[in-house]
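*Asks:* After the sequence you'll find the predicted model.
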Amino acid sequence: MNSENDALKVSVLASGSGGNATYLETPHQKLLIDAGLSGKKIEELMNSIGRTLKDVDRLLVTHEHSDHIQSVGVLARRYGLDVYANQATWKAMEPRIGNVKVEQKHLFEMETTKTFGDLDVESFGVSHDACAPQFYEVHYQDHAFAIVTDTGYVSERVQGIVKNADGYLFECNHDTEMLRAGIYPWALKQRILGDQGHLSNEDGANALMSVLGPRTKKIYLGHLSQENNLKELAHLTVKRTMQAHDLGVGSDFELLATDPAKATELAEIK
């Protein structure tokens, strides 16, 4: 078993339609995935878990939507961060993030793996209405943490890539009935409900059942809509689905909430 100082640790700094950022660290690497809030807010969230953006080695981007890239340019310029994204995402986000030095721009194409010091990061494509959306599974020693949000469904290919990870940040964006009855225009409701939209609580729960394995210990429910969901409802939906499959929340694994403005505890993934 890894000691506390020899471990993969994760904090979901923010997750939701208002902004997304996830921090991961190993003994030799500090990584930020997405920067969808202001630079000031991300620094505050980092400080709340006892860390600072000055220590981050690199920033990985999933796609060009504003709730994932709001401060990408700011952080690159202020902290000299190396930024990684696939070519299509770079093309889409460059006009919106301001100048980033050429030497700080790096390609991380879909369906590839990059090694950063003591960790490996695997990218995989998802079904979302962005140019070339991709998410990441981070591997450290024999442990893995996968982020699967911003997708209308989870394909068998993605299931195979992220199956039996030690931890997940997994999308439960909306309760379908709340969304249908809510104030959003019908076109936006259709977008969210479509194959390139977002996973509902029920769809997220069912997708989780296809990837959970004996190694899985932590599941963060992410990208919850503030208008069309409740933390308690997402938790209950996923818990009931798992109990129907004879899985015990709290005994087999932890089921954890995320927040659009409050970081989760910096926790060891083991």
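*Replies:* On my side now, so go ahead.
*Asks:* Does residue 75 touch residue 37 like I think?
*Replies:* No: Residue 75 lies out of contact with residue 37 (CB atoms under 8 Å); the separation is 10.5 Å. Placement of C-beta: from N, CA and C, glycine included.
*Asks:* Between the two, which contacts overlap?
*Replies:* Contact with both residue 75 and residue 37 is made by no residue, according to CB atoms under 8 Å, 6 or more residues apart in numbering.
*Asks:* Without its sequence neighbours, what residue ends up closest to residue 150?
*Replies:* Closest residue to residue 150 apart from its sequence neighbours, by CB to CB, 6 or more residues apart in numbering: residue 128 at 4.7 Å.
*Asks:* can you give me phi and psi for that neighbour?
*Replies:* phi -150, psi 160 (degrees, to the nearest 10).
*Asks:* Number of residues surrounding it?
*Replies:* 22 (other CB atoms under 10 Å).
*Asks:* so what's it up against?
*Replies:* 63, 150-152, 196-198.
*Asks:* for this protein, what's the longest helix?
*Replies:* Counting residues, the longest helix found in the chain (DSSP state H) is helix 231-244.
*Asks:* CA-only coordinates of that helix in CSV, if you can.
*Replies:* What follows is helix 231-244, C-alpha atoms only, in CSV (Å, rounded to 0.1, in the frame of the first residue of the first chain):
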residue,chain,number,x,y,z
LYS,A,231,-27.1,16.8,-4.8
GLU,A,232,-29.4,14.6,-2.7
LEU,A,233,-31.4,13.5,-5.7
ALA,A,234,-28.3,12.6,-7.7
HIS,A,235,-26.9,10.6,-4.7
LEU,A,236,-30.2,8.8,-4.1
THR,A,237,-30.6,7.8,-7.7
VAL,A,238,-27.1,6.4,-8.0
LYS,A,239,-27.3,4.7,-4.6
ARG,A,240,-30.6,3.0,-5.5
THR,A,241,-29.2,1.7,-8.8
MET,A,242,-26.2,0.3,-7.0
GLN,A,243,-28.2,-1.3,-4.3
ALA,A,244,-30.3,-3.0,-7.0
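*Asks:* Convert the C-alpha atoms of whichever helix or strand comes after that helix to PDB, please.
*Replies:* The C-terminal neighbour of helix 231-244 among helices and strands, as given by DSSP states H and E, is strand 254-257. Extracted C-alpha coordinates of strand 254-257, given in PDB (Å, rounded to 0.1, in the frame of the first residue of the first chain):
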ATOM      1  CA  GLU A 254     -17.600   6.100  -1.100                       C
ATOM      2  CA  LEU A 255     -20.200   8.100  -3.100                       C
ATOM      3  CA  LEU A 256     -19.200  11.700  -2.900                       C
ATOM      4  CA  ALA A 257     -20.700  15.100  -3.900                       C
END
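*Asks:* after strand 254-257, next one along is what?
*Replies:* Moving toward the C-terminus from strand 254-257, the next helix or strand (DSSP H and E) is strand 267-269.
*Asks:* For that following strand, give the mean pLDDT please.
*Replies:* The pLDDT scores in strand 267-269 average 97.
*Asks:* For it, what is the distance to the chain centroid?
*Replies:* With CA atoms, centre = their mean, to the nearest Å as the basis, strand 267-269 stands 15 Å off its chain's centre.
*Asks:* which residues in the stretch 1-150 of the chain form helices?
*Replies:* Remark: helices assigned in the stretch 1-150 of the chain by DSSP state H, counting those that start in this stretch are 39-48, 66-69, 72-79, 87-97.
*Asks:* Run a quick neighbour tally on residue 202.
*Replies:* For residue 202, using other CB under 10 Å, the count is 17.
*Asks:* Same question for the one 5 residues further on.
*Replies:* Neighbour count for residue 207, taken as other CB under 10 Å: 23.
*Asks:* ditto for the one 3 residues further on
*Replies:* When counting by other CB under 10 Å, one arrives at 13 neighbours for residue 210.
*Asks:* What of the one 3 residues further on?
*Replies:* The burial metric for residue 213, expressed as a neighbour count using other CB under 10 Å, is 10.
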